[in-house]
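Novice: sequence first, predicted model second:
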Amino acid sequence: MYVKVCGLTTVDAALVAIDAGVDAIGVVMNRTSPRAVDLATARAIVAAVGDGADTVLVVNDKTAAEAADLAVALGVDVLQLHGGYDAADFAVAQTRLARLWRATSLADEPDLTVGAYGEEALLLDAARPGSGQRWDTDALTEQPGGRWILAGGLNPGNVADAIAAARPWGVDVSSGVESAPGVKDHAAIRAFVGAARGTGAS
């Protein structure tokens, strides 16, 4: 199970995630997110992680070209375009960065074909990303298949059941391992990774 912890705002939390065995960490650079970090903080987190995991830049309010240029400047492995980006946007971003993820919600009635926009992975989130609200995986009448990541309202107590129900390739958590918006709980990060992998108590 591929495990990503997103919305990291400190180097310390990123290092805890690496020590816990995550596959990816995400830094958010949206203007309105409580988990948004500035350029210096993002650079420090990405540098601290190094080759320890995939580093992912998450954006939803920049043009595709701006987002891709920022991803290249930061030296992240992956650019996650979240929300209202279309195939043309992905084509623009891909001229600058090879690895793209498409993040969307069933509320947007997306194409569930992984790779439809040239992305290597598809992330399915709640209708309100970062809200901590679970979405009903029973609404997923069409299984995406391939590299798709389940997100939205996951936490150490429910991730194992969510994996069993939805059978994703990976899982993504943000608010579900926080003590306050943007403040990661180190013990919860470790518990989440253990529960997602079936190696620890939830």
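Specialist: Yep, it's here.

Novice: which residues in the protein form strands?
Specialist: 2-5, 24-28, 54-59, 78-82, 100-105, 121-125, 148-150, 170-173, 178-180, 183-184 (DSSP state E).

Novice: for Gly115, give me its contacts.
Specialist: For Gly115, the contacting residues are 122, 146, taking CB atoms under 8 Å, 6 or more residues apart in numbering as the criterion. C-beta here means a position set from N, CA and C on the backbone, and glycine is covered the same way.

Novice: give me the pLDDT for it.
Specialist: Gly115 is assigned 93 on the pLDDT scale.

Novice: now Glu142
Specialist: According to the model, Glu142 carries a pLDDT of 71.

Novice: what about it, neighbour count?
Specialist: 8 (other CB atoms under 10 Å).

Novice: tell me the spacing between it and Pro110.
Specialist: 11 Å (CB to CB, to the nearest Å).

Novice: low-confidence ranges in the chain?
Specialist: For the chain, the stretches with pLDDT under 70 are 127-141, 199-202.

Novice: can you put the strands of the chain in TSV and add distance to Arg197 and mean neighbour count?
Specialist: Shown next, in TSV, are these (distance: least, CB to CB, whole Å; neighbours: other CB atoms under 10 Å):
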stretch	distance to Arg197	mean neighbour count
strand 2-5	7	24
strand 24-28	14	26
strand 54-59	16	26
strand 78-82	21	25
strand 100-105	21	24
strand 121-125	18	25
strand 148-150	14	23
strand 170-173	10	26
strand 178-180	20	14
strand 183-184	18	20
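
Novice: which one of these lies closest to Phe192?
Specialist: strand 170-173 (5.4 Å; CB to CB).

Novice: for the closest one, which strands pair with it and how are they oriented?
Specialist: strand 2-5 (parallel), strand 148-150 (parallel) (DSSP bridges).

Novice: turn the strands of the chain into JSON lines, columns for distance to Ala40.
Specialist: Below are the strands of the chain laid out as JSON lines (distance: least, CB to CB, whole Å):
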{"stretch": "strand 2-5", "distance to Ala40": "21"}
{"stretch": "strand 24-28", "distance to Ala40": "12"}
{"stretch": "strand 54-59", "distance to Ala40": "14"}
{"stretch": "strand 78-82", "distance to Ala40": "19"}
{"stretch": "strand 100-105", "distance to Ala40": "24"}
{"stretch": "strand 121-125", "distance to Ala40": "26"}
{"stretch": "strand 148-150", "distance to Ala40": "28"}
{"stretch": "strand 170-173", "distance to Ala40": "25"}
{"stretch": "strand 178-180", "distance to Ala40": "22"}
{"stretch": "strand 183-184", "distance to Ala40": "19"}
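
Novice: return the residues in contact with Lys184.
Specialist: 5, 7-10, 13, 16-17, 177-178.
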